[in-house]
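> Below is the sequence, then the predicted model.
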Amino acid sequence: MAHLEHGIARGRLARALLATVALALPVALPALAAPETRSVGFDIAAQDLNRAVLAFGERAGVRVFFDTERLAGKRSASVAGTLTPEEALARLLAGSGLTPRWTSTSAVALRQAGDPETTGQIAAGQIALDELSVEAQQPTFGTAGFVATRSTAGMKGNDSILETPATVSVITREELNVRGVQDLNTAVAYTPNIQAVDYPGGQGGPTFTLRGFNANNFDNVYQDGLRYGFNSFDQNVEPYAYERIDVIKGPISVLYGAGQPGGILNLVSKRPTFTPFNEVFIQGGNRNRVQAGFDLSGPVEGAPQFAYRVTGLIRNSDSQFRYTPDDRTFIAPAITWRPDSDTSLTVLAKYAEYRGGGSEQSLPIVGSIIPSTRGFYQRDVFVGQPNFNTGLLENKEIGTILDHRFAPGWLFHSAFRAFETTSKYDATGASPAATPGSFLAVSVFPYLRDQSSQGLLADNHIEGQFGTFGIEHNVVFGVDFQNYYRRDARTYPLGYPLAAANRLIDLYNPVYNLAIAFPARTNFSTRASQQQTGLYFQDQMKWNGFILTGSVRNDWVDQEIRSTFNFPNLPLPTLNRTTVDQQSFSALSYRVGLGYELGYGIVPYASYSTSFNPQIAGQRANGSALDPREATQVEGGVKWQPPGSNALYTASYFEITQTNIPLADPLNPGFFIQTGEALAKGFELEGKANLFEGFNLIFGFAHLETRVTKNQSNPALVGNRLANAPENTVSLFADYTFAPGTWFDGFRAGAGVRYVGQRTDATNVDNIPGYALVDASLSYDLARLDPAWKGAVLSVNATNLFDQRYFTSGFYTGYVFEGFRRSVYGTLTYRW
């Protein structure tokens with residue numbers, strides 16, 4: 001029977017990192033102070049005993065040796081309060097039939113009556129090897145409440161965030177639940193230097209600005225280490241499907257290939273658990289919102305090697321704009337086969353349908369931010385065509401995740417996903433060139449957009465740990481592959497692009513013209529394909545407190561765009577032709593980092609990293625492909641994980657230089673132009689902490705300076721700030737669970753504020769005012785009223801509580817998008 005040592009030495013002396021060429025995974029963790037000489041704040045809920053023991057080891061910094069099969073199916077007792085590790089573990093194991101046998105001040109073996117007098121302890125040099133186990137790859141490992149100390153994304157292994165030569169932020173499932181997160185934009189709202197472009201009622205999924213750089217077409221969003229999607233109009237995100245969201249700042253092409261230089265978001269899917277966990281909820285809120293969901297997991301009855309999980313959600317709702325629904329259906333079944341403690345195979349499937357509007361909702365600045373002669377527009381004004389505008393996205397996918405420990409200290413990891421998406425929009429876009437100068441009305445044009453895409457993605461790598469000449473090596477080497485195909489067809493009204501095709505809407509007294517006629521043939525269509533293969537290697541070396549990380553990777557990319565133009569009413573050669581643009585190239589990426597463990601949980605670090613990103617999903621107005629973006633970054637900072645605490649603090653400074661940046665073409669909606677070079681530099685400060693029992697705190701601050709440094713096509717833009725990149729952002733969220741026996745026993749309350757400074761558009765003509773939004777949460781454990789209601793919780797969440805009006809820069813100069821208005825949801829959840 002295989003024994004597994006779990007635990008993470010928290011109170012070790014801190015380190016410092018300066019990256020060499022990085023590609024590794026790691027963990028050889030030294031021991032902490034004696035359990036009998038210190039006390040630690042614990043807040044571990046009653047749960048599956050395997051998971052509870054992992055949480056204990058993480059909080060106490062103690063290595064725990066135990067047989068995972070022996071603990072399977074057992075429940076832990078809850079542990080809360082400031083206790084020594086010995087006291088906490090004794091409470092945790094109460095009623096389990098297991099007793100702890102402390103083999104040193106920082107290692108313990110769990111025994112049962114009748115067990116032989118062996119400790120199960122392994123040599124000190126092998127401590128880290130058991131962290132390369134299938135259990136250690138679970139998304140909750142290294143996570144306690146709001147605070148995560150490990151991440152599977154920053155180094156492609158389940159590694160300490162302290163040892164990763166990059167800024168890493170983790171949004172845990174508990175934080176998502178407490179804040180009542182309903183969309184990816186809100187999920188990252190308290191993470192420094194990420195600005196979501198709120199696009200309520202618009203088409204497709206979210207886009208972001210990370211460290212000043214705009215991310216188009218999901219080129220910064222991953223799921224379980226594989227790219228999530230390739231086009232914003234073909235995909236969307238349901239946050240309820242995920243266990244956590246890991247944010248890795250800065251260029252990361254060395255591990256993932258194509259990458260936006262500001263960083264990536266890695267969505268970690270919910271996976272089956274071998275201990276029963278069940279949750280159902282029903283929710284209602286403003287805008288006629290009704291939503292219900294479930295999350296059911298546990299072992300398969302009669303087949304203990306298998307566990308299942310089924311997560312689902314259905315929503316019927318209006319949105320903040322007239323004639324625009326916000327409906328969705330989502331279901332994600334999964335099954336895990338674990339034949340032994342060394343092997344785990346999980347199959348994950350997903351079906352999602354998103355129904356929304358097709359209106360672009362571009363609003364002139366005059367009338368939205370600045371009053372016109374007739375004042376401001378009504379906030380729910382619809383800039384489209386009722387009974388015409390519709391939007392439908394349908395996503396289907398299936399994938400596998402395999403982890404196999406084939407030798408002590410060596411693990412094989414394989415991830416695969418196939419997806420298919422379809423989207424159909426009867427859409428309305430703005431036509432700013434035809435808008436009257438008074439801005440009392442806006443000119444729009446309707447069009448039809450029909451799209452589909454397919455993709456195959458795979459990543460296979462080996463993680464290993466060994467020692468040479470007193471140096472500990474943590475290595476990872478592997479190969480990944482992406483094959484993507486997309487079809488996009490657009491049909492414009494008869495008469496387009498002549499003015500007769502546009503509709504003029506008085507934004508103060510809209511009268512909609514429904515007389516829309518379309519030609520029989522598509523006016524514009526594209527067929528785009530991309531294949532990318534990457535080979536990578538990483539080694540993280542540790543010696544006498546030094547941590548040196550080196551990673552290197554090479555990618556080979558082939559892409560093709562075939563575009564067909566068909567405008568028979570305009571017999572111009574450029575508007576009636578087929579173009580084919582092909583390119584093949586290879587790209588070398590690398591990362592180097594160095595750090596040092598100073599002590600007291602402090603780790604200063606510095607790193608240098610590079611990135612590239614092929615631009616397959618967008619194109620220039622002439623149909624040609626965009627050149628790959630390239631970037632370099634220098635980053636230095638310090639991370640602090642105070643010994644004996646459940647907290648992590650990070651401060652970092654960075655400078656990123658990127659070339660070939662794509663921006664929306666102001667003269668050709670739906671197409672892009674490319675600048676020459678831009679620079680972003682700044683400072684970030686972030687902390688997540690359980691400061692004392694029941695009290696969680698999140699805070700973040702970012703100062704960012706951006707400017708265009710080269711632009712051959714338009715030198716006048718040199719010196720401009722980048723679009724939607726505020727100079728300063730601040731966020732703070734506090735959450736408190738009232739102690740038993742107090743007047744507010746059973747209540748949990750939270751509140752937060754997020755400030756975003758002034759921004760501008762790509763031309764720097766528009767100035768978008770800063771804003772501050774307030775969020776709040778309140779929940780009550782109904783078991784405090786009646787023990788028969790154990791597991792039932794009633795909660796209320798509000799985002800933008802005071803309905804502050806704010807905007808982000810739009811597609812065109814002089815136009816903006818209004819941000820998310822106040823949302824208030826009441827939720828009844830039952831867990832058992």
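Looks like it came in fine.
> For this structure, which segments count as helices?
Using DSSP state H, the helices assigned to the chain run over residues 49-60, 68-71, 85-92, 173-179, 184-187, 253-256.
> what's the most buried one of those helices?
helix 253-256 (a mean of 28; mean count of other CB atoms under 10 Å). C-betas here are computed from N, CA, C, even on glycine.
> care to break the chain down by domain?
26-123, 277-831 (automatic domain parsing).
> hang on, the earlier thing: could I get the helices of the chain as JSON lines with mean pLDDT and distance to Arg309?
Shown next, in JSON lines, are the helices of the chain (pLDDT from 0 to 100; distance: least, CB to CB, whole Å):
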{"stretch": "helix 49-60", "mean pLDDT": "80", "distance to Arg309": "14"}
{"stretch": "helix 68-71", "mean pLDDT": "68", "distance to Arg309": "18"}
{"stretch": "helix 85-92", "mean pLDDT": "87", "distance to Arg309": "25"}
{"stretch": "helix 173-179", "mean pLDDT": "96", "distance to Arg309": "13"}
{"stretch": "helix 184-187", "mean pLDDT": "94", "distance to Arg309": "21"}
{"stretch": "helix 253-256", "mean pLDDT": "95", "distance to Arg309": "26"}
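> Could I get those helices in a markdown table, plus columns for distance to Phe274?
Below are these laid out as a markdown table (distance: least, CB to CB, whole Å):
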| stretch | distance to Phe274 |
| --- | --- |
| helix 49-60 | 7 |
| helix 68-71 | 9 |
| helix 85-92 | 18 |
| helix 173-179 | 18 |
| helix 184-187 | 28 |
| helix 253-256 | 30 |
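> Ok, which of those comes nearest Asp159?
Proximity to Asp159 (CB to CB) singles out helix 253-256 among those, at 11.6 Å.
> So what touches the closest one?
21-23, 155-156, 222, 225, 227, 259, 264, 480, 536, 538, 551-553, 555, 587, 589-591, 609-613 (CB atoms under 8 Å, 6 or more residues apart in numbering).
> pLDDT score for the residue nearest to Ala94 when sequence neighbours are not counted?
The shortest distance from Ala94 to any non-neighbouring residue, by CB to CB, 6 or more residues apart in numbering, is to Ala77 (4.5 Å). For Ala77, the pLDDT comes out at 85.
> Provide a list of residues in contact with Ala77.
Counting by CB under 8 Å, 6+ apart, Ala77 has contacts Ala46, Arg91, Leu92, Leu93, Ala94, Gly95.
> Kindly report the same for Gly676.
Applying CB under 8 Å, 6+ apart to Gly676 gives the contacts Thr659, Asn660, Val708, Thr709, Lys710, Asn711, Gln712, Ser713.
> Show me these that map onto strands.
Among the contacts of Gly676, the residues falling in strands (DSSP state E) are Thr659, Val708, Thr709, Lys710.
> Which one of the contacts of Ala77 is nearest to Pro740?
Ala46 (14.3 Å).
> Ala80 is in contact with that closest one, correct?
No. With contact taken as CB atoms under 8 Å, Ala46 and Ala80 are classed as non-touching, separated by 10.4 Å.
> Please identify which of these two sits among more neighbours.
Ala80 (17 against 12; other CB atoms under 10 Å).
> who's in contact with the residue nearest to the more buried one when sequence neighbours are not counted?
Spatial nearest neighbour of Ala80, excluding adjacent residues (CB to CB, 6+ apart): Asp43 at 5.2 Å. Listed by CB under 8 Å, 6+ apart, the contact set of Asp43 reads Val79, Ala80, Ala144, Gly145, Asn646, Asn690, Glu693, Gly694.
> how near is the last one to Ala144?
By that I understand Gly694. 13 Å (CB to CB, to the nearest Å).
> Neighbour count: these two, which is higher?
The neighbour comparison of Gly694 against Ala144 (other CB under 10 Å) goes to Ala144, with 20 against 16.
> you'd agree that one is up against Ala647?
No. Taking contacts as CB under 8 Å, Ala144 lies outside contact range of Ala647: 10.2 Å.
> Can you check which residues contact both of these two?
Common neighbours of Ala144 and Ala647, counting by CB under 8 Å, 6+ apart, are Asn690.
> picking that back up, for Gly694, see how far away the residue nearest to Ala80 is.
7 Å.
> cool, and Leu92?
Taking CB to CB, one finds Leu92 at 18 Å from Gly694.
> got it, and Gly212?
37 Å.
> what do you get for Asn158?
Asn158 is 28 Å from Gly694, by CB to CB.
> Then Ser368?
43 Å.
> before we move on, what about Pro408?
For Pro408 relative to Gly694 (CB to CB), the value is 41 Å.
> and if you look at Leu575?
If you go by CB to CB, the gap between Leu575 and Gly694 works out to 66 Å.
> Likewise for Glu243?
23 Å.
> ok, now Tyr806?
Taken as CB to CB, the span from Tyr806 to Gly694 is 33 Å.
> Tally up the residues packed near Tyr351, please.
If you count neighbours by other CB under 10 Å, Tyr351 ends up with 15.
> quick one: it from Tyr242, how far?
From Tyr351 over to Tyr242 the distance is 16 Å, taken as CB to CB.
> so how many other residues sit close to Arg374?
14.
> Give me the nearest residue to it, chain neighbours excluded.
Tyr508 (5.2 Å).
> Val442 is in contact with the one you found, correct?
No. Shown here, Tyr508 and Val442 do not form a contact pair, counting by CB under 8 Å, at 10.9 Å.
> So, low pLDDT: which residues of the stretch 1-150 of the chain?
For the stretch 1-150 of the chain, the stretches with pLDDT under 70 are 1-38, 67-70, 72, 103-106, 113-131.
> Which stretches in it count as strands?
4-6, 15-19, 40-44, 63-66, 79-83, 98-104, 107-112, 143-144, 147-148, 150-151 (DSSP state E, counting those that start in this stretch).
> Send over stretch 785-801 as PDB, restricted to the C-alpha atoms.
The C-alpha trace of stretch 785-801 is given here as PDB (Å, rounded to 0.1, in the frame of the first residue of the first chain):
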ATOM      1  CA  LEU A 785     -32.300  28.800  13.600                       C
ATOM      2  CA  ASP A 786     -33.000  25.100  13.500                       C
ATOM      3  CA  PRO A 787     -30.400  22.200  13.500                       C
ATOM      4  CA  ALA A 788     -32.600  20.400  11.000                       C
ATOM      5  CA  TRP A 789     -31.600  23.000   8.400                       C
ATOM      6  CA  LYS A 790     -27.900  22.100   8.600                       C
ATOM      7  CA  GLY A 791     -26.100  22.800   5.300                       C
ATOM      8  CA  ALA A 792     -28.600  25.600   4.300                       C
ATOM      9  CA  VAL A 793     -27.200  29.100   3.800                       C
ATOM     10  CA  LEU A 794     -29.100  32.200   2.700                       C
ATOM     11  CA  SER A 795     -27.000  34.900   1.100                       C
ATOM     12  CA  VAL A 796     -27.300  38.300  -0.600                       C
ATOM     13  CA  ASN A 797     -24.600  39.800  -2.800                       C
ATOM     14  CA  ALA A 798     -24.500  43.200  -4.500                       C
ATOM     15  CA  THR A 799     -22.000  44.500  -7.000                       C
ATOM     16  CA  ASN A 800     -21.700  48.200  -7.800                       C
ATOM     17  CA  LEU A 801     -24.000  48.700  -4.800                       C
END
